[in-house]
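Enquirer: below: sequence and its predicted model.
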Amino acid sequence: MNGHDTTDNVLLEIRDLSVSFFHGGAEVQAVRGINYTLKKGEVLGIVGESGSGKSVSSHSILRLIPESGKIKSGQILFDGKDILRMSKKEIQDLRGNRIAMIFQDPMTSLDPLFTVEYQLNESLKKHTDLDAASRKKRMLELLSMVGINQPERRLKQYPYEFSGGMRQRVMIAMALSCDPQLLIADEPTTALDVTIQAQIIDLLKELKDRLGMAIIFITHDLGVVSDICDKIIVMYAGKIVEEGYSRQIFFEKAHPYTEGLLASVPDVESDVNEKLRPIRGNPPDMSCVKEGCAFAPRCEYAMRICTREDAPLFELDATHAAACWKLLKETAQ
Amino acid sequence: MPDRNLTGQDAAKEDILLEVKHLKKYFPVRTGFIRKTDLKAVDDVSFSIRRGETLGIVGESGCGKTTLGRTVLRLTEPTDGDIIYEGQSIIGKDMKEYRRKMQIVFQDPYASLDPRKTVSDIIGEAIDITKSASGKEERREKILQLMQLVGLNPEFYNRFPHEFSGGQRQRIGIARALAIDPGFIVCDEPVSALDVSIQAQIVNMLEELQETRKLTYLFIAHDLAVVKHISTRIGVMYLGHMVELTYSAQLYRHPLHPYTQMLLSAIPIANPDISAVRKRIRLEGELPSPLNPPSGCPFRTRCPRCTSQCCEDTPSLREVEPGHFVACHNCG
């Protein structure tokens, strides 16, 4: 998990990635040196609040950063090859083919002027050498795979004729059209109602088992990732503050920020109505990053060192690490 | 618990603050060149809120929960039905007097504050309208007090909304609502646009304010965990109808309506052990179009317990156990 994995099972490895945005001379450091690896068929959840860098770091994998942004340093190794050094053509071949992406807002990710058939067909034409008849067959197959009834009829329809949940299914079908090895899902259920969210998560789980692809699932909601992810990364202010297997994050959480996130959500299972324990203060302004740990001003355990020096990731065991000075003692023993 | 007759007769005894009777809000919609039809956003909804309690309203997008909140304040005129505040019907009345008692906090803290006004202008406007300050000094004093009350630094007195984060803006919105000392506040998804850590701050603050200022809330949200946390009682809406209404703990422990059961089983739980073993009741299909709702029970098209009776009669809300109301032919 910490970039030392050398088995050939590794699909994606991110090394020391930093991304900044520049607005009128000011630098906003969105991602500040992150490392992680993803194995084939693994589901990784990236959790964080707005501005934590979770989306930017994942969009960098496909080099989908807006003009004002720049990948400052780092390597993104996909199957051993550095994406950041690829030519335009190479990256085009990768997008939608071996790495696919679905977005938060299924309402705006489809072109309203074209039928679903046209849009699905486009992506198959681009990435496969199937003939028209086999493409049609494949499209019908994809729509039924994502649980859309009467695929024949639905193919002829325009995006406005689909509800939000159905559009997200179309997006997933499109993403799966070339059997990608990696699916990046950027808050795929945030815009949807809870019952539809549950349907989409069930669908992703089922597809993962059936197709064996790896998934990066970006969300702000720890509840959503709890039953789909193998591993979880928690991000704060552009850095990874904790990483580990899902159970380690939920039951052996070590970073005060992870603890605060979990305590901020009311527990629906409990009968007693305990007062929520929010994290005090506000997220930091990433255009003027101060010395020390970015979470220190909001942290109830903050010590003197926290305001002076940023904590490295301390390994709690082989798969679990957190960036907090209070772990120094524990890991030293 | 003394909770009988919540919809009716013993209103005075129970210290009912607000009572809504058979409230309807239809929007006329053109569906063809000449053809018009009604979109029944709120269809025959009745409930009452006791002084000092929080009534939560949950439901998915398009269920009519926001329209309900606005109609209760007559921000949109009801099509039919009655709204009774402190024993008096507010239908057809001059709302000026009631605006001092009934306020609203909106969902989007970015769109609900005038970008060209400073914080003191925004909060002060409410004070000016109600003439509740006698001089400039008292006005300023009042604004600072309100800012302190909602946890805003007094230094921000002359700042503009764009200088604030979402959570701080929501605090400004709450201060504005409190400026005229209302008794009743409609909170329309006040935390849905905020980050989790900030949500908890605002929820806690709303709870504290309720206690110190004796406020009564109608709390509208789609986040079931937050609603359960803050509400005394909860009403579940589906396609313009109230399908279940009961005490918060009771609703989660013992939901009766099939829709409520499905809704609750879909809540994501931040605990991999529970979510792995938990049985999820799958809700099949999609919400029917509100322009063309099913006959009879609005939920029948997706209901596993649907019978022929459900296609014909619309079930009305009835009390199946003390304080627990449900609109279903086949449960309770």
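Expert: Now that the structure is in, tell me what you want to look at.
Enquirer: can you tell me the centre-most residue of chain A?
Expert: A:Ile218 (2.8 Å; C-alpha atoms, centre = their mean).
Enquirer: same question for the longest helix seen in chain A, mean pLDDT?
Expert: Of all segments of type helix in chain A, defined using DSSP state H, the longest is helix A:194-211. The average pLDDT within helix A:194-211 is 89.
Enquirer: and for stretch A:131-138?
Expert: 94.
Enquirer: ok, now stretch A:102-113?
Expert: Mean predicted lDDT for stretch A:102-113 stands at 84.
Enquirer: what's next to that stretch, contact-wise?
Expert: A:116, A:119, A:158-160, A:164, A:167-168, A:170-172, A:175, A:183-188, A:190-191 (C-beta atoms under 8 Å, 6 or more residues apart in numbering or on different chains). Using the backbone N, CA and C atoms, a C-beta is placed for each residue, glycine as well.
Enquirer: quick check: end-to-end length of that stretch?
Expert: Distance across stretch A:102-113, first residue to last, is 20 Å (C-alpha to C-alpha, to the nearest Å).
Enquirer: who in the stretch 101-250 of chain A is up against chain B?
Expert: Residues of the stretch 101-250 of chain A lying near chain B by C-beta under 8 Å from any C-beta of the partner chain: A:163, A:165-166, A:193-199, A:201-202, A:220-224, A:226-227, A:246-247, A:250.
Enquirer: repeat that with 10 Å
Expert: A:149, A:162-166, A:189, A:191-199, A:201-202, A:219-229, A:232, A:245-247, A:249-250 (C-beta under 10 Å from any C-beta of the partner chain).
Enquirer: are any of these buried, and which?
Expert: A:162-166, A:189, A:191-199, A:201, A:219-229, A:232, A:245-246, A:249-250 (16 or more other C-beta atoms under 10 Å in any protein chain shown).
Enquirer: now, which of these lie within helices?
Expert: A:164-166, A:194-199, A:201, A:222-225, A:246, A:249-250.
Enquirer: pull the helix or strand with minimum mean pLDDT from chain B.
Expert: The weakest-scoring helix or strand in chain B, judged by mean pLDDT, DSSP states H and E, is helix B:272-277 (a mean of 82).
Enquirer: who are the contact partners of the nearest residue in space to A:Asp186 that is not next to it in sequence?
Expert: Once flanking residues are discounted, A:Asp186 sits nearest to A:Ile218: 4.8 Å by C-beta to C-beta, 6 or more residues apart in numbering or on different chains. Contacts for A:Ile218 (C-beta atoms under 10 Å, 6 or more residues apart in numbering or on different chains) come out as A:44-48, A:54-55, A:57-59, A:103-104, A:184-188, A:190, A:225, A:233, A:235.
Enquirer: buried ones among those?
Expert: A:44-48, A:54-55, A:57-59, A:103-104, A:184-188, A:225, A:233, A:235.
Enquirer: if I pick the residue lying closest to A:Arg247 once chain neighbours are set aside, what's in contact with it?
Expert: What sits nearest to A:Arg247 in space, not counting adjacent residues and going by C-beta to C-beta, 6+ apart, is B:Pro272, at 5.7 Å. Counting by C-beta under 10 Å, 6+ apart, B:Pro272 touches A:225-229, A:232, A:245-247, A:249-251.
Enquirer: out of these, which is nearest to chain B?
Expert: A:Asp227 (3.7 Å; C-beta to the nearest C-beta).
Enquirer: and stretch A:9-24, what's buried?
Expert: In stretch A:9-24, counting by 16+ other C-beta under 10 Å, buried: A:10-15, A:17-21.
Enquirer: check the offset of it from the chain's centre.
Expert: Centroid separation for stretch A:9-24 versus its chain: 13 Å, with C-alpha atoms, centre = their mean, to the nearest Å.
Enquirer: are that stretch and chain B in contact anywhere?
Expert: No: Stretch A:9-24 is not in contact with chain B by C-beta under 10 Å from any C-beta; minimum separation 14.7 Å.
Enquirer: give me the element residue 173 is part of.
Expert: No chain in the question, so chain A it is. Taking DSSP states H and E as the definition, A:Ala173 sits inside helix A:164-176.
Enquirer: sorry, should have said chain B
Expert: helix B:166-178.
Enquirer: report the angle between the axes of the next helix-or-strand element following that helix and helix B:166-178?
Expert: Following helix B:166-178 in sequence order, the next helix or strand is strand B:184-188 (DSSP H and E). Here strand B:184-188 points in a direction 150 degrees away from that of helix B:166-178 (axes from the mean of the first three to the mean of the last three C-alpha atoms, to 10 degrees).
Enquirer: report the mean confidence score over strand B:184-188.
Expert: According to the model, strand B:184-188 has a mean pLDDT of 96.
Enquirer: and it, how far out from the chain middle?
Expert: 7 Å.
Enquirer: that one vs chain A: in contact?
Expert: No: using C-beta under 10 Å from any C-beta, we find that strand B:184-188 stays clear of chain A, coming within 15.4 Å at best.
Enquirer: alpha carbons of that strand, as CSV, please.
Expert: Taking C-alpha atoms only, strand B:184-188 is exported to CSV below (Å, rounded to 0.1, in the frame of the first residue of the first chain):
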residue,chain,number,x,y,z
PHE,B,184,-41.4,28.7,14.4
ILE,B,185,-38.7,28.0,11.8
VAL,B,186,-38.9,25.9,8.6
CYS,B,187,-35.5,24.4,8.0
ASP,B,188,-35.4,23.4,4.4
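Enquirer: other SSEs contacting that strand?
Expert: strand B:16-30, strand B:54-58, helix B:65-72, strand B:102-105, helix B:166-178, helix B:196-213, strand B:216-220 (3 or more C-beta pairs under 10 Å, 6 or more residues apart in numbering or on different chains; DSSP states H and E).
Enquirer: in the second one, which residues are buried?
Expert: Within strand B:54-58, the residues scored as buried using 16+ other C-beta under 10 Å are B:54-58.
Enquirer: number of nearby residues for the residue in the stretch 201-332 of chain B that chain A sits nearest to?
Expert: Ranked by C-beta to the nearest C-beta, the top residue of the stretch 201-332 of chain B for proximity to chain A is B:Pro268, at 3.2 Å. Residue neighbour count, defined by other C-beta atoms under 10 Å in any protein chain shown, stands at 24 for B:Pro268.
Enquirer: pretty sure it contacts A:Thr195?
Expert: No: under the criterion of C-beta atoms under 10 Å, B:Pro268 makes no contact with A:Thr195, lying 11.4 Å away.
Enquirer: for stretch B:74-82, how far is the first residue from the last?
Expert: First-to-last residue span, stretch B:74-82, C-alpha to C-alpha: 11 Å.
Enquirer: show me the shaky parts of chain A.
Expert: A:1-8, A:332-333 (pLDDT under 70).
Enquirer: any regions of chain B where pLDDT drops low?
Expert: B:1-13, B:332.
Enquirer: what comes into contact with stretch A:83-94?
Expert: A:12, A:14, A:17, A:60-64, A:71, A:73-79, A:81, A:99-100, A:126-127, A:180, A:182.
Enquirer: helices of chain A, residue ranges please.
Expert: Under DSSP H, chain A gives helices at A:54-61, A:88-94, A:116-127, A:132-145, A:151-155, A:164-176, A:194-211, A:222-225, A:246-251, A:256-264, A:328-332.
Enquirer: can you tell me the centre-most residue of chain B?
Expert: B:Ile220 (2.8 Å).
Enquirer: quick check: bridge partners of that residue?
Expert: B:Ile57, B:Asp188 (DSSP bridges).
Enquirer: check contacts around the residue nearest to B:Arg213 when sequence neighbours are not counted.
Expert: Among residues not flanking B:Arg213 along the chain, B:Leu178 sits closest, at 7.1 Å (C-beta to C-beta, 6+ apart). B:Leu178 makes contact with B:103, B:105, B:123, B:126, B:145-146, B:149-150, B:185, B:209, B:213, B:215, according to C-beta under 10 Å, 6+ apart.
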